[in-house]
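[1] Here is my input; please provide its structure:
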Amino acid sequence: MKEEIEKLIWKKMNELRSSNHFSGYGRFSSTSTLQRIGKEIGLEHLKKVISDNELLQTANSPMQVIPNFLYDFIKLFVNHFQPKTILDPWLTRDSYPIIENFENFRGITINQAEYNLITKGFLKDSNKVKLGDGLENIVNEQKEFDFIVSFPPFVMPSRKENSTSKDYSTDLLIESSNRLKENGKLLFLMPQKFLNDKRMKQAISDSNISIDGVFYLEEGSHYPITSISTYLVIASKGDNKSTFTAKLTSDNNSNEIIFKNFINEKDGVKIQLGKFIELENFNSFKALEKEDNLFKLGKRTGLPMTSLNEVSLKINTIRDIKPENVEHIPNCIYVPKVGNSDVVHNPSDFNIKPKNYLQIVLNDNVSPVFISNYLNTPIGKISLESRKVGTTIENITISSITELPLFIPKYQDQIKLIEVNNKIENISLAIYELKEQLWNRPSLVDKIDKEISAFEKDNSIEKWLDNLPFPISSILWKYYATTDNRNKTEHLLHFFEAFSEFLSLLMLSALNQNPEFYKSERHRWISSDKQYKDWIKKATFGGWNNLTASLAKATRTLLNEKENKEIVLSLFGNPSKEFLDFITNKRVITILEEVREYRNKWKGHGGVSSNQEDLNRVTLLEQKLNNLRQEIKDAFSNCKLIVADNSKYKNGVFIYKAKELVGIRTPFNEVEIESLIPLDESKLYLLHENQNIPIELLPFIKYNQESKACYFYNSIESNDIRFVSFHFEQNAEFTEVLDEKFEEVLAILRQESE
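    Here you go, the predicted structure:
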């Protein structure tokens, strides 16, 4: 039956693709509605629907994308409370009573085409479905209902006269509560604006409605129709009380734990699994996550927590147009209200318009130099991010920044830190001056070489390697451990090519966490040019560089798009800014391409190179290695490449013993990690600091537990996949049979799945 249904649908879709007379087949077209009709009602009825152009066009044009996990979560409430009647005042084909075939329901639908699809397509009783505006018609409903479940439009002005909320969904929720039985439950899917807009909150507060829960749906839940963040709001009649919040994901096990925590009125062991909050001061679950992460980082500092209002005297807005006209007050700092510009302690350092800063006057117990530097560190940036409010443009306000958390030492220790920072800056300046002398007066090279030795440490590169992921640090160690320049050249070339593949792997794996998002957006990084279609079957340095460059550019673009930023951050596992800045860095691509050009040039010369030529090549590659090191900086310091071992499961959290594949020394450190998802012991994962959802890496890199060797994907040969190791000489390569699972992995590198 399933095959027959799909065959019938795709035959019709192929006809539509070639037709110029059907306007309903577009980017957001979907066959899911037709598949449901065929599955639920039968093939013969599906044929009738397909033959009706109006029904077909409606069915083919989705109004919403509702994730399956949301229906499963609502079903937990239905099974627990056993409602006899359900009302949906904004009924669509995707409404809960329609999806779950709930028998005793009542619905109001505003759209004639949707009404026809529900009654003629899904054959729902027309006596249960009313055509009209839910907000206007719900007041005429005579019955009261056990449950009112609805997914109203996310952004639509109210049509109600004298509306205090000015929002259709909010007014619909309020009016619906009047048709709710005394112990009934109201479940509405609401946009982020519901929590940010004071008018909407106040309208709810004035209506004798208790918001019992606000459940955040994971980023990208409604993709590709919209990127708007949404919450499932659980409400009942009565006075406001503490509200439960949590994060719903595609992991139904976690969602069940969340439901149990909600019903039992207890906080989860992780913030994602539930926490009681005061709704009046709650702006978003993302802000709550950032604040939670901040307190974890703060605890690690070992310093006491204070807040900005405890160390400041006054907070002023600035209206001046020019920095020189700003009235500077001693002992103050300037915090940007929008964007990510640095905090400064003098108007002369402004890099955005003065009106976009808040002037914060500090008391005598803190140094403005210290506080401005502190707020520009990762922990300071997270602090400021957690204070941003608003939906259209996020910004920091005087009221939101007042309680800004600070983990700072006493005044004398602040001064000591400034002194040490001055010493570091002096050393940096001295090195810079030596560099200037070297290039301005090359004849002084021997003298400068002696002077620079004072700043060198024999083990500096070893310390750096100890902080790099093992798949790449192991290759660099081979370079570092040999004295033969020809071998050094070979190891460095292997390193740069493997590094390009490693960066591609990190970005591909992250973006592929949400298949719908990946499918919709891959045109940004996967070329449609036929000549690149199967390049992966025999991957080359240039091929990886091309993919890495495309992925980096696409990720930069997506992060700059307001509607996609939070989705991408979530897909990447909420990494540090340093990590994201590095893997999307244009300069990194330039370095990798320069090395590839070197390699091609040297290959072209052929023959055996001389000792002097080997030295020249190593010198050039070492310069590129230094350039790359300058770009990497501490990008990998706040993330771990891990392979999971045994685990235990408690209260919705998997606690794994895992090996941290970092550095060059084995055996690797064993660490304990907490994950909200189960991990496969045969796979590699990337986990960012203070996060609980590791990113599963695609199997282009393999780790052998016994030999402690890493293997990189190389090519497809006949029906085998070839992997090579650049550091393990005993078994430098191996092959695996090309199976369906790896074919699916290869398919993500094509513009369209085959």
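[2] only C-alpha atoms for contact and neighbour calcs from this point on.
    OK.
[3] can you pull the contacts of residue 549?
    Residue 549 sits next to 586, 589 when contact means C-alpha atoms under 8 Å, 6 or more residues apart in numbering.
[4] ok, it to residue 426 distance?
    According to C-alpha to C-alpha, to the nearest Å, residue 549 and residue 426 sit 36 Å apart.
[5] ok, now residue 641?
    Distance, residue 641 to residue 426, using C-alpha to C-alpha: 35 Å.
[6] Looking at the two, which is more packed in?
    residue 641 (22 against 12; other C-alpha atoms under 10 Å).
[7] Where does the more buried one sit: helix, strand or coil?
    When classified by DSSP: H, G, I helix; E, B strand; the rest coil, residue 641 comes out as strand.
[8] Need the pLDDT of it.
    If you check residue 641, the pLDDT there is 95.
[9] what's the closest non-adjacent residue to it?
    Nearest residue to residue 641 in three dimensions, chain neighbours excluded: residue 686, at 4.7 Å (C-alpha to C-alpha, 6 or more residues apart in numbering).
[10] how far does whichever strand or helix holds the one you found sit from the chain's center?
    Per DSSP states H and E: residue 686 is located in strand 684-688. Relative to its parent chain, strand 684-688 has a centroid offset of 14 Å by C-alpha atoms, centre = their mean, to the nearest Å.
[11] strands paired with it, and their directions?
    strand 639-650 (antiparallel), strand 695-696 (antiparallel) (DSSP bridges).
[12] which of the residues in the longest one are buried?
    Pointing back at strand 639-650 there. 639-644 (16 or more other C-alpha atoms under 10 Å).
[13] can I get the CA coordinates of stretch 115-123 in PDB?
    What follows is stretch 115-123, C-alpha atoms only, in PDB (Å, rounded to 0.1, in the frame of the first residue of the first chain):
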ATOM      1  CA  TYR A 115     -12.200  23.700   5.400                       C
ATOM      2  CA  ASN A 116     -12.600  21.800   2.100                       C
ATOM      3  CA  LEU A 117      -9.400  19.900   2.700                       C
ATOM      4  CA  ILE A 118     -10.500  18.900   6.200                       C
ATOM      5  CA  THR A 119     -14.000  17.900   5.300                       C
ATOM      6  CA  LYS A 120     -13.500  16.500   1.800                       C
ATOM      7  CA  GLY A 121      -9.900  15.400   1.900                       C
ATOM      8  CA  PHE A 122      -9.800  14.000   5.400                       C
ATOM      9  CA  LEU A 123     -13.500  13.300   5.500                       C
END
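[14] which residues touch it?
    By C-alpha under 8 Å, 6+ apart, stretch 115-123 touches 37, 41, 49, 55, 58-59, 92-93, 109, 124-126, 129, 131.
[15] Could I get the full set of strands for the stretch 601-750 of the chain?
    639-650, 653-660, 669-675, 684-688, 695-696, 701-704, 709-717, 720-724, 733-737 (DSSP state E, counting those that start in this stretch).
[16] Out of these, which is closest to residue 555?
    strand 695-696 (16.2 Å; C-alpha to C-alpha).
[17] Give me the contact list for the closest one.
    509-510, 513, 571-573, 683-687.
[18] ok, now with 6 Å
    685-686 (C-alpha atoms under 6 Å, 6 or more residues apart in numbering).
[19] if we can go back for a sec, of all the strands paired with strand 684-688, which one is nearest residue 224?
    strand 695-696 (21.7 Å).
[20] what about the residue lying closest to residue 634 once chain neighbours are set aside, how many neighbours?
    Leaving aside its chain neighbours, residue 634 sits nearest to residue 578 (7.0 Å; criterion: C-alpha to C-alpha, 6+ apart). Neighbourhood size, residue 578 [other C-alpha under 10 Å]: 17.
[21] Which strand or helix spans residue 578?
    Element membership for residue 578 (DSSP H and E) is helix 577-583.
[22] Please put the alpha-carbon coordinates of that helix into CSV.
    Written as CSV, here are the backbone C-alpha positions of helix 577-583 (Å, rounded to 0.1, in the frame of the first residue of the first chain):
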residue,chain,number,x,y,z
LYS,A,577,32.7,32.7,19.8
GLU,A,578,36.5,31.8,19.3
PHE,A,579,35.6,28.4,17.8
LEU,A,580,33.1,29.9,15.4
ASP,A,581,35.3,32.7,14.4
PHE,A,582,38.1,30.3,13.6
ILE,A,583,36.3,27.7,11.6
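[23] For the stretch 1-150 of the chain, which residues score under the pLDDT cut-off?
    17-29 (pLDDT under 70).
[24] Kindly report the same for the chain.
    For the chain, the ranges with pLDDT under 70 are 17-29, 391-392, 456-460, 604-608, 752-754.
[25] re the thing from before, buried sites along the helix holding residue 578?
    578-580, 582-583.
[26] Repeat that for stretch 583-590.
    583-585, 588-589.
[27] same thing with stretch 668-675?
    Result for stretch 668-675 [16+ other C-alpha under 10 Å]: buried residues 668, 670, 673-675.
[28] As CSV, these with distance to residue 528 would be great.
    Shown next, in CSV, are those (distance: C-alpha to C-alpha, whole Å):
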residue, distance to residue 528
668, 42
670, 44
673, 40
674, 40
675, 37
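[29] and stretch 667-678, C-alpha only, in CSV?
    Below are the C-alpha coordinates for stretch 667-678, written out as CSV (Å, rounded to 0.1, in the frame of the first residue of the first chain):
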residue,chain,number,x,y,z
PRO,A,667,46.5,6.8,27.0
PHE,A,668,44.0,9.7,26.7
ASN,A,669,42.4,11.4,29.7
GLU,A,670,39.2,9.7,30.8
VAL,A,671,36.5,12.3,31.5
GLU,A,672,32.9,12.1,32.8
ILE,A,673,30.4,13.9,30.6
GLU,A,674,26.7,14.4,30.9
SER,A,675,24.6,14.1,27.8
LEU,A,676,20.9,14.5,27.1
ILE,A,677,21.1,12.1,24.2
PRO,A,678,22.5,8.6,23.9
